[in-house]
Structures are given as C-alpha cells and as structure tokens.
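Visitor: mind folding the following:
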Amino acid sequence: MPVIEVKLYDHRVTDESVPKMIEKLTDALAESSGAAKEHIQVVIQGVSPKHWGIAGKPAA
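Guide: Alright, predicted model coming up:
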C-alpha cells in the first residue's frame with residue numbers, strides 16, 4: 001500500500017489546506033503509478049521552522 005509522507009512548515013498545515021493536499025497527492029500518485037486510490041495513504045505533518053534546518057541552520 002503506497003504511503004505519501006509530507007512535512008511542511010506548520011503554518012502551511014491548516015484545516016483548509018490539508019484536505020486539498022490529500023486529494024491532489026492521492027490523485028497524482030494514482031494516475032502516475034496505477035495504484036488504486038483506496039490503497040493510497042497520505043500523512044501530512046507540520047513542523048515548526050525552529051525545528052527545521054537549512055544549510056546547517058534553523059529556518060527560524
């Protein structure tokens with residue numbers, strides 16, 4: 001069963017954005033891989049920029 005894991009800055013993870021992301025990611029994987037939508041799982045996590053490093057430094 002395919003699983004898509006997405007990590008974004010926490011301010012991008014909202015009640016409005018998550019259902020859209022789940023739908024679009026599921027559609028894209030089903031179309032590109034042939035996997036049945038009912039077998040695709042999507043996990044979206046919000047991460048504080050304080051806990052996200054870029055080029056060796058915290059993003060916040």
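
Visitor: count of residues packed around residue 26?
Guide: Per other C-beta atoms under 10 Å, the neighbour tally for residue 26 reads 19. Backbone N, C-alpha and C define where each C-beta goes, glycine included.

Visitor: look at it and tell me its secondary structure.
Guide: Assigned state for residue 26: helix (three-state reduction, DSSP: H, G, I helix; E, B strand; the rest coil).

Visitor: what is residue 43 paired to in the beta sheet?
Guide: Taking DSSP bridges, one obtains residue 5 as the residues bridged to residue 43.

Visitor: wait, it touches residue 4, no?
Guide: Yes. Applying C-beta atoms under 8 Å as the test, residue 43 and residue 4 come out as touching, 7.2 Å apart.

Visitor: all strands for this structure, in order.
Guide: For the chain, strands defined by DSSP state E occupy the ranges 3-9, 41-47, 53-54, 57-58.
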